[in-house]
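In: coordinates only, sequence not included:
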């Protein structure tokens, strides 16, 4: 496949192929639907490019292999699903503090992992960067971008997809997005063999400090380990990442009287529902956070300052909606129009993942705008 | 020790003793400061009461042993610290769905686990109940209460303490609080040996449903498994728990012009700082969430509706402050006056955990009240 | 149950009860037929006597828990089956070098583990003591004896049974055999808490030596670790154990013209076949090694010196027969009359475990005596 | 490196390179002296040839990865040392029954693993083939041969070396020995993807049988699983392997009055000692078993039938000597002249691994020949 030609692939396969083209040479995973497809593709492709694919014993082992490979300067990735992500939490948290530039894919089942992905990491303190593509083509671009951001910031990057993204075949074209092609810092930290240079240490356990904050030497003339320094630096790094990398996809905001928001593949459903609503004469805008961490607080803040009500659609009991409310800070009503649903079985379990269902919810919120928000 | 006499014990030991008196007969743990003391105490005491204490190979194994013991109807507990909690996330999440009434103690280092404890669980969807005692005596009462709530709601309960709670010796008296003495439902779910009764199944994987929501039989005359039902029921259960069990400790709210809030042992520092401030003439109120899940949104909502500014002190980069802001919903400014600090080394790493430091921050916020909030 | 009364129990349960009466207070196991019954019994009984029973995650974990408990001076036991024994080999080997007085039960399926039990241990160098009871009553006595020998020699002791021993109910009486009641050395090595005494170290890794073999100080004035010392001492210990503890059960040797030998429960079948043969006029003797390690080489050596042919019956492809041949050293023919058989399904898979089958084989060997041995 | 040129390499590296040239494309290991060198070499070389090298979490995991890779038809190898081999025993045993053609290298420390390698495997019943090279060049040839035999017989093959073999650099030439170049059966069993063919099953758990031994259909018209069939077939396969593959290296047997025997690198010491003895006028022959399983019983049997005494030198407390005695069957005295020694520290721990020491022992046995054997 050259970069010019277009190919018809499942989203999971497309993401895997793009990762390889982005230079990924170590992959591991433990099978779990719907991330299994990434493992299967990697198992076939990695040997062809001289890379390594390991079917690990557990996700816990896998994330530590990725730590080792990425720490050695190899572009390394792992994919899993919900429960597997929970099993990785401890290592993932330490990788943030240890500044390991790995890529982690969570092909979730529904969207119920939002809180874990954006709040659980770093033992609660310092999450990874989290990117949520909404199509196979964007999954391709996100794979390139994830490796780029991981090295640019020396920070783990998570790609958060779901079963629809993984299993739906779409036409894709392989080329890195412009923002993922710039020069990167040298891997001056990689533990890639200490020949002709001093040894290096990758650790999450603290930093050696040699002077007091005022620059004076430590009283006892010795160095000491500051265990909080990596945490405080991670907080600072997140501020810089938020300033530079926040990405959000918007439409029809200029004349909007109601804004619908969603993330991931479901945002395509929401966008189409908004389009149908506009054809019915409703002035509905659209906001899709692409970076979940950092969250596009500014965009929502501006919308709220205009007093525009916001309707949030998620396939969970209401998680991103809280981040939207935090950003809105009471300046505009924020309505939750999602719910828990795993399928469209016809037995009415939660809202169907269905454009017409979303359209119906939008109609209801639109006609009630001006009234206070509902949960 | 009778229940009448008062005893001088470290907080970790006091909590362990209270757990045993509350009927805990299975405990396991893997050593990690500052939760090691609980393990050490249990290792000595459990054999004396005919219980079992296991020094497990890892926290991952431990939480599954607790699952097994609690599932069999035994009061069971595990304690760990931060990283160990991360390792338990997957099992803990499934225990929420499987409705296992276990007690989990997180003796954190700082307070950086707040997000993980309140948002990471349930794979992000359904956290445990989380209780945050602020003294050895309250740790004792919390141990009794945790087992009571766990069985009352058939839901895991977390006790979230820190190294100060664990390591500080205080005088305690052992007696269950009144709200932990009521009748409990029968353990009609416990897999305690299917003699003279049908077998039972404890699972997190779904519910068997036999009819459509309208009560009509399923079209194919068969049962089917609804994997979303446990999730939706957990959401509903959390609503009921929030209505019945939310607990918050407040002081001096009537005339307050600024409210300081903190949780856990640090709330004692914050309360004392508020008291000193009042002696200086500042009208400062105090709010301490005791239940972190469910969070006392109502209390903060009322304060915000009065337009009172709120200052939140936490030993992390700002986590509970977001829940306070969500509850305030923009009606009042919410200031963060905490930060990351592991010790009082004198090298100025973050804010000291120090009453006078908090007092100073309160003075600054108090004199600036009326101006917009700062982060 | 008093020691006087007789009780009707499965062999596995009888062995477990006797272990408890012998003072065993720590038991763990992972279920695997036919050792599961021991675990089940212990799970019920241990709490009644204030002991601990743990259903471990794997045999590998279990043997290390037993190491820890026995090293702390507690009488500790584990039971497993064939594959589980293979999983324990590394730890078991190190326990021989570390001199840990634990009891390990191998309830094998057939008798195919003989080589592993007698040759695989100690990484091939230093096996455990191995005792092979042939009835529920002897299993009871063996449990008492195993703990006694383990402490007497500070050496792990294995009890090697099979599914017939485990699953067959027989009447037993609980009382320690005379040789298991003597005084034992103090547990001066146990790591049971270094209060008011220097710390102790239990290690398999080597011995600290402070002088050369001739008594002169080491040239560099320092101590050094001799990694071979524990191995050479284990060899010496095995010689002493062989001299003191070898046990063998014999019958009808005085006038024998053919000797049949077997171990474990199958020896009862062989003995009864020999008895039937004698009723037919064949002069057949009987030898049953009770200690497989140390092996009763002397008894077989004497029989061979008399030129008496020996027929060995085992439920495997021929393992103990090699030890008999080694002892016979060519002075008498040694015939193998066993084979691999797991059941009596009627499909002719190997020799039936059947008295009449053994009798038939004995007739054939008896009538052919004087001719060279067959394999 | 072409096959013609000669290269100077450590034995461990030479073996690794030969394995790759023999087609090995999956290697894994956990570091442990003296097998670490094989892992290090593979870590560097495998990526160059498009193969995979994994530094596993434990030997237990490693042997199961090798099972998976070899079962999929890839030539796969693992190396470890003594304790690591003990950890592999369970999987290794099942691989014999499951007929997995993998290569396992045991770079032992001394030679104390002989019993475990030749008796512990197959849970005691069915060991692997075991080859013991005595030089770097023979290690090279053994690597080729091991993969050839593994596929020829669909049976795991162990290469048993030691620290001298692994760490000593020698000149080697890479070319397969003639007996390792023949045609091999198709991999008609490999689970390499069931495209356009029925699925395959690799299992150690039993065989499906469809008729009674007499050819009549099973009475119930169904198939049944015969769990003993794989064991009985393994016994039969071992007989065929013994007939076809037993290899032994001998010298100076024609006029010998005493035969010295040893295996592995130590056999070079023994051979040189024999040569020095012959220069002193002693008629000493030499026998080196190259295949430890199958053991060259025939060669020793013939020597014993000539009444020639045999002296066995091993770096352990006496293990192969028992197999020599079994083969001699009392027809000639068998003397043990080895012992436990890990080094030549000068502190007299056991016999030095030293040609002059062996020569001295040979002089003693030679002058005492005719007298009965000593242990």
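Out: It's in. Worth saying up front: this structure is predicted, and the values here are computed from it rather than measured.

In: how far away is whatever residue of chain A ends up closest to chain D from residue D:13?
Out: For chain A, the residue closest to chain D is residue A:52, as judged by CB to the nearest CB, at 5.3 Å. To be clear about C-beta, it is placed using only N, CA and C from the backbone, and glycine gets the same treatment. Distance, residue A:52 to residue D:13, by CB to CB, to the nearest Å: 21 Å.

In: between those two, which one's more packed in?
Out: Neighbours per residue (other CB atoms under 10 Å in any protein chain shown) separate residue A:52 from residue D:13, with residue D:13 holding more: 24 against 21.

In: list the contacts for the more buried one?
Out: By CB atoms under 8 Å, 6 or more residues apart in numbering or on different chains, residue D:13 lies in contact with D:37, D:38, D:41.

In: what is the burial count for the residue of the stretch 1-150 of chain A found nearest chain B?
Out: With CB to the nearest CB as the measure, residue A:120 is the residue of the stretch 1-150 of chain A nearest to chain B, at 2.7 Å. Using other CB under 10 Å, residue A:120 has 30 other residues around it.

In: which stretches of chain A have low pLDDT?
Out: Chain A contains residues with pLDDT under 70 at A:1-4, A:206-215, A:218-225, A:342-352, A:370-375.

In: enumerate the residues of it near chain D.
Out: Residues of chain A lying close to chain D (CB under 8 Å from any CB of the partner chain) are A:47, A:50, A:52, A:53, A:54, A:55, A:57, A:61, A:68.

In: just the buried residues of these.
Out: Neighbour-count burial (16 or more other CB atoms under 10 Å in any protein chain shown) is assigned, among these, to A:52, A:53, A:54, A:57, A:61, A:68.

In: if I read this right, the residue of chain A closest to chain D contacts residue D:52, doesn't it?
Out: Yes. Taking contacts as CB atoms under 8 Å, residue A:52 lies within contact range of residue D:52: 5.3 Å.

In: how about the strands in the stretch 201-350 of chain A?
Out: In the stretch 201-350 of chain A, the strands defined using DSSP state E, counting those that start in this stretch lie at A:207-209, A:224-226, A:248-251, A:258-261, A:284-289, A:291-293, A:310-312, A:334-336.

In: ok, the stretch 51-200 of chain A next?
Out: In the stretch 51-200 of chain A, the strands defined using DSSP E, counting those that start in this stretch lie at A:52-55, A:76-80, A:103-108, A:129-131, A:157-162, A:169-173.

In: pretty sure residue A:145 contacts residue A:180?
Out: Yes. Counting by CB under 8 Å, residue A:145 does reach residue A:180; the two are 4.5 Å apart.

In: ok, these two, which is more surrounded?
Out: With neighbours defined as other CB under 10 Å, residue A:145 and residue A:180 compare such that residue A:145 has more, 28 against 19.

In: measure that one to chain C for me?
Out: The spacing between residue A:145 and chain C, counted by CB to the nearest CB, to the nearest Å, is 41 Å.

In: coming back round to it: turn the contacts of residue D:13 into a markdown table, including secondary structure, distance to residue B:277 and neighbour count.
Out: Shown next, in a markdown table, are those (DSSP: H, G, I helix; E, B strand; the rest coil; distance: CB to CB, whole Å; neighbours: other CB atoms under 10 Å in any protein chain shown):
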| residue | secondary structure | distance to residue B:277 | neighbour count |
| --- | --- | --- | --- |
| D:37 | helix | 68 | 21 |
| D:38 | helix | 69 | 28 |
| D:41 | helix | 69 | 23 |
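
In: just give me the closest of those residues to residue A:154.
Out: Nearest to residue A:154 out of these is residue D:41 (CB to CB; 31.2 Å).

In: isn't that closest one right up against residue D:18?
Out: No. Taking contacts as CB under 8 Å, residue D:41 lies outside contact range of residue D:18: 10.8 Å.

In: quickly list what residue A:334 is bridged to.
Out: Applying DSSP bridges to residue A:334 yields these beta-bridge partners: residue A:310.

In: run a quick neighbour tally on it.
Out: Using other CB under 10 Å: residue A:334 sits among 27 other residues.

In: got a list of what it touches?
Out: Contacts for residue A:334 (CB under 8 Å, 6+ apart) come out as A:309, A:310, A:311, A:312, A:321, A:324, A:325, A:328, A:373.

In: for residue A:331, see how far away the fourth one is.
Out: In other words, residue A:312. Going from residue A:312 to residue A:331 by CB to CB gives 16 Å.

In: who's more crowded, the two?
Out: Of the pair residue A:312 and residue A:331, residue A:312 is the one with more neighbours under other CB under 10 Å, namely 25 against 18.

In: which residues does that one contact?
Out: Contacts of residue A:312 were listed using CB under 8 Å, 6+ apart, and they are A:260, A:261, A:262, A:318, A:320, A:321, A:324, A:334, A:335, A:336, A:337, A:338.

In: all helices for the stretch 101-250 of chain A, in order.
Out: For the stretch 101-250 of chain A, the helices defined by DSSP state H, counting those that start in this stretch occupy A:114-115, A:136-153, A:163-167, A:229-245.

In: may I see those helices organised as a markdown table, with distance to chain B added?
Out: Converted to a markdown table, the helices of the stretch 101-250 of chain A look like this (distance: least, CB to the nearest CB, whole Å):
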| stretch | distance to chain B |
| --- | --- |
| helix A:114-115 | 4 |
| helix A:136-153 | 17 |
| helix A:163-167 | 12 |
| helix A:229-245 | 4 |
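
In: quick check: bridge partners of the residue of chain A closest to chain D?
Out: As assigned using DSSP bridges, the partners bridged with residue A:52 are residue A:26.

In: contacting residues for it?
Out: By CB under 8 Å, 6+ apart, the contact list for residue A:52 reads A:25, A:26, A:27, A:46, A:69, D:47, D:52, D:53, D:54.
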